[in-house]
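> Structural data only, the sequence is not supplied:
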């Protein structure tokens, strides 16, 4: 088989490399930093490790409610220990990817790649430039945090998500600009660790892509932990010198001082510096243009993951990387975005798949909504995690399940059920006969489905 | 010695076969070559023939039960012949010594049979895709699935619907704008017919076969007896009445044609409720002659006349238009020769009758002037295949060519 080169060793890239190698391709992977990309090194994994530490601390503080007496005044967070736990996990996961590369005979080259022709790349590292020729290429260069034009990252006060997870100490105060997924996750982590957190969000709710009632449940919980939340607000000025930000909320100008200002307003595809113009690959600042096979306008060049824009989630990148590699190996494979779960690792967690209630009403008009609260779920009560609910959206003509949202403990695990239902295009009449284990949090999903059909038992 | 008939292996990949229908039962006499059972595997359906003359001594495999190739499905031997212990344990040993390979007669080339066997159960389709398809009367068997292993998804169904809508809305090319066109509303009887006929074609596998019957002798007989019947029974007997009688008798001999395909089951009827299509000014109705199998030729003729008159006068009650098990439609009066009748769902068959024609025909060495009647039989290929349908049509032809049988 003729050689294939993958640019980028994140979720899209390393999965594409493994898939192509297993199809018999001679594969080379080029990565400028560490294998695993943003997910392993700067995103999903380290933030979840920090969150786990914060939740463990939170849980220990609740010991008395479970009948355990502790000298609570002595329970403290060891920040170095938290960082060590995070770093160890990241290192082990990166090692795992390295092992997979070796196991699949994938050559890994460290360096920065850019196209010279549509069959040749220049790979630069500290010492030299190497030219690599190949028959096919898969670009999986990922994305990077977007910055505010008037407030560039300085790493000292104005920081991005990667910097926010490796601060020298737990900050006393933190301004988070952007109440999306990343902003809310950091708000959750640091508020549980005792930081005074303020969120400034331009939209009229946190998590603008989710239903307002789901997002509001999180907002209430964050506020209970002392997070100040300003929605419908716009940042007007950042003054690094005295660590002060100015923002407008309801026509009123507010001034806020914080130890750090985290800018979390989204991520932009890393399309510059790849030499795409050189070979004529079509792209914009929203990402590289691809078809349903993740193929660019240059047939031997594919692109996948965050670099194509769209849904910037690691599990979508896995899928896109697989599709790109299989198609490059001659398989008729297309992407399938039928049911992409969205997971937000806050406390409580939020997870959803399919349409929100608002989207469904706009698309279908009349819909049916079934809800079940975790306050009526035994397992949630036992775990002292009864905040939240399950909400299912059903299209009334055929009873198709078109959306499922969960806010509550383990929502990101529970959403797997909704993903399967939506991927399988199931209907509520099929799910009515489904048996949910008892006692489990999953029961809430079944009850919500029953309620959508007017047959709820426990509510 | 008794011959063991085994489930044949119809290909390297075949793991299991099923007897879909036993045409014979234990004790029935068979001649070598008689069809004794229909079997199907994953892809094809075939007939199994008797390997020798004799009787069916034992049937070891019930209908619709899958068994591996090589399994003995029945024994054919002499009347009262006792099966040995070796015989009866052969299936367990998996190595029958006296095995006679089942003689297989292919109804059609396997490739054709394969496509016709794609039943609703075997169609991989998501629940929501099936619901939408059913609500839009789409035949799921015709939709290409793009999901895992060809599973039909909601998007696949929506694509078909979009294509259908696009076809429907596409303006005819190069319309002369100067030409005025008249638009007729599709309502009332037209709407019912439009819906029923469209659904009929969408939801069944229709195939039409043609045959000519020499009705010279039948027409002579009709001329001979019509006055007598008119005087005695006040009924004007027509060619249609003879055809109806031939159909009724043939349906009793070929029960699979007197059936309906409902919810993936084939319902065989013992009674014959004969539908007779009657053209009206504004459409078409099908009055039903109930229990035609109990009627003589004259009774049948009288009933047909009564029902047709009721239909033309708009006095046909709803119950007289329901429950037919087979339909006859006649376009002979309009000079039509052959045509492809559309099934009257859920029936399995409909006979189209064309116009009688005078033709020169050799009878032995003599060239004669004969009257031939074109017959067109449309049947549901999901229920039965070409050969049994042809046999049924052949039986009708036989009755029409030996009309004395119709009077018995």
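Everything's here; your move. Source: prediction; values computed, not measured. Residues are numbered from 1 along each chain as shown, chains lettered A, B, ... in the order given.
> For residue 196, which non-adjacent residue is closest in space?
Here I'm looking at chain A. Closest residue to residue A:196 apart from its sequence neighbours, by CB to CB, 6 or more residues apart in numbering or on different chains: residue A:173 at 4.3 Å. Any C-beta I mention is one placed from the backbone N, CA and C, and that applies to glycine too.
> could you do chain B instead?
residue B:345 (6.8 Å).
> The one you found contacts residue B:199, doesn't it?
Yes - assessed by CB atoms under 8 Å, residue B:345 is found in contact with residue B:199 at 6.6 Å.
> ok, these two, which is more surrounded?
More neighbours surround residue B:345 than the other of residue B:345 and residue B:199, with 18 against 13 (other CB atoms under 10 Å in any protein chain shown).
> Pull up the gap between the more buried one and residue B:139, please.
13 Å (CB to CB, to the nearest Å).
> domain ranges for chain B?
Segmentation of chain B into domains, based on the TED database, reads B:3-77, B:206-407.
> start to end distance for the shortest one?
Right, the one you point to is domain B:3-77. 6 Å (CA to CA, to the nearest Å).
> swap in the longest one?
Across its full length, domain B:206-407 reaches 32 Å end to end, with CA to CA as the criterion.
> Give me the phi and psi for residue A:332.
In terms of degrees, to the nearest 10, the main-chain angles of residue A:332 are phi -80, psi 80.
> residues contacting the residue nearest to residue B:196?
B:196, B:199, B:200, B:203, B:204 (CB atoms under 8 Å, 6 or more residues apart in numbering or on different chains).
> Produce a PyMOL select command limited to the buried residues of those.
Applied in PyMOL, the following selects the buried portion of those according to 16 or more other CB atoms under 10 Å in any protein chain shown:
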select buried, chain B and resi 200+203+204
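> From the contacts of residue B:345, pick the one nearest residue A:348.
residue B:203 (50.0 Å; CB to CB).
> Just name the shakiest helix or strand of the chain by mean pLDDT.
Answering for chain A, as no chain was given. Every helix and strand of chain A was ranked by mean pLDDT, DSSP states H and E. The lowest is helix A:428-431, at a mean of 88.
> other chain: chain B
Lowest on mean pLDDT, DSSP H and E among the helices and strands of chain B sits helix B:110-116, with a mean of 39.
> next SSE after that one?
helix B:127-135 (DSSP states H and E).
> What average pLDDT does stretch B:400-408 get?
Mean pLDDT, taken over the full extent of stretch B:400-408, equals 90.
> Show me how far stretch A:9-26 is from its chain's centre.
22 Å (CA atoms, centre = their mean, to the nearest Å).
> so what's the closest residue to chain A within the stretch 1-150 of chain B up against?
Residue nearest to chain A within the stretch 1-150 of chain B: residue B:126 (3.5 Å; CB to the nearest CB). Taking CB under 8 Å, 6+ apart, we find residue B:126 in contact with A:424, A:425, A:426, B:147, B:151, B:152, B:153, B:154.
> and the residues you listed, which are buried?
Looks like the contacts of residue B:126 have A:424, A:425, A:426, B:147, B:151, B:152, B:153, B:154 buried, using 16+ other CB under 10 Å.
> pretty sure the third one is touching residue A:401, no?
Just to be clear, that refers to residue A:426. Yes - in this structure, residue A:426 is within contact of residue A:401 by CB under 8 Å, at 6.0 Å.
> re the thing from before, so what does the least confident helix or strand of chain A touch, helix or strand wise?
Counting contacts by 3 or more CB pairs under 8 Å, 6 or more residues apart in numbering or on different chains; DSSP states H and E, helix A:428-431 is packed against helix A:443-452.
> does the host helix or strand of residue A:372 come close to chain B?
Take DSSP H and E as the rule and residue A:372 turns out to sit in strand A:368-373. No - Strand A:368-373 lies out of reach of chain B by CB under 8 Å from any CB of the partner chain, never closer than 14.6 Å.
> Show the average pLDDT along the very next helix or strand once past that strand.
Elements were assigned by DSSP H and E; along the chain past strand A:368-373, the next helix or strand is helix A:378-382. For helix A:378-382, mean pLDDT rounds to 96.
> Please identify the buried residues of helix A:378-382?
For helix A:378-382, using 16+ other CB under 10 Å, the buried residues are A:379, A:380.
> Which strand in chain B has the most residues?
Identified as the longest strand of chain B according to DSSP state E is strand B:366-380.
> C-terminal to it, what's the next element?
Assigned by DSSP H and E, the successor of strand B:366-380 is helix B:386-401.
> Show me what whichever helix or strand comes after that following helix is packed against.
As assigned by DSSP H and E, the chain's next helix or strand after helix B:386-401 is helix B:404-407. For helix B:404-407, the packing partners by 3+ CB pairs under 8 Å, 6+ apart come out as helix B:239-253, helix B:386-401.
> The nearest residue to residue B:333 once chain neighbours are set aside: neighbour count?
On the basis of CB to CB, 6+ apart, the spatially nearest residue to residue B:333 that is not a chain neighbour turns out to be residue B:355, at 7.4 Å. Close neighbours of residue B:355, defined as other CB under 10 Å, add up to 15.
> tell me the secondary structure for residue B:355?
Under DSSP: H, G, I helix; E, B strand; the rest coil, residue B:355 falls in the coil class.
> Tell me where the chain is predicted with low confidence.
Since you didn't name a chain, this refers to chain A. A:1, A:459 (pLDDT under 70).
> please go with chain B instead
B:10-14, B:41-45, B:85-121, B:169-181, B:185-189, B:191, B:318.
> Helices of the stretch 101-250 of chain B, start to end?
For the stretch 101-250 of chain B, the helices defined by DSSP state H, counting those that start in this stretch cover B:110-116, B:127-135, B:154-169, B:188-202, B:216-233, B:239-253.
> can you put those in TSV and add distance to residue A:237?
Listed next are the helices of the stretch 101-250 of chain B as TSV, based on distance: least, CB to CB, whole Å:
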stretch	distance to residue A:237
helix B:110-116	71
helix B:127-135	51
helix B:154-169	48
helix B:188-202	67
helix B:216-233	104
helix B:239-253	91
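> Which of these sits closest to residue A:72?
Closest approach to residue A:72 among these is made by helix B:127-135 (52.1 Å; CB to CB).
> Show me what the closest one is packed up against.
helix B:154-169.
> Recalculate using a threshold of 10 Å.
Contact partners of helix B:127-135 among helices and strands, from 3 or more CB pairs under 10 Å, 6 or more residues apart in numbering or on different chains; DSSP states H and E: strand A:400-408, helix A:428-431, helix B:154-169.
> What residues does chain B have near chain A?
B:125-132, B:134-135, B:146-148, B:151-155, B:157 (CB under 10 Å from any CB of the partner chain).
> ok, 8 Å please
So far as CB under 8 Å from any CB goes, chain B lies against chain A at B:126, B:127, B:128, B:129, B:131, B:132, B:135, B:146, B:153, B:154, B:155.
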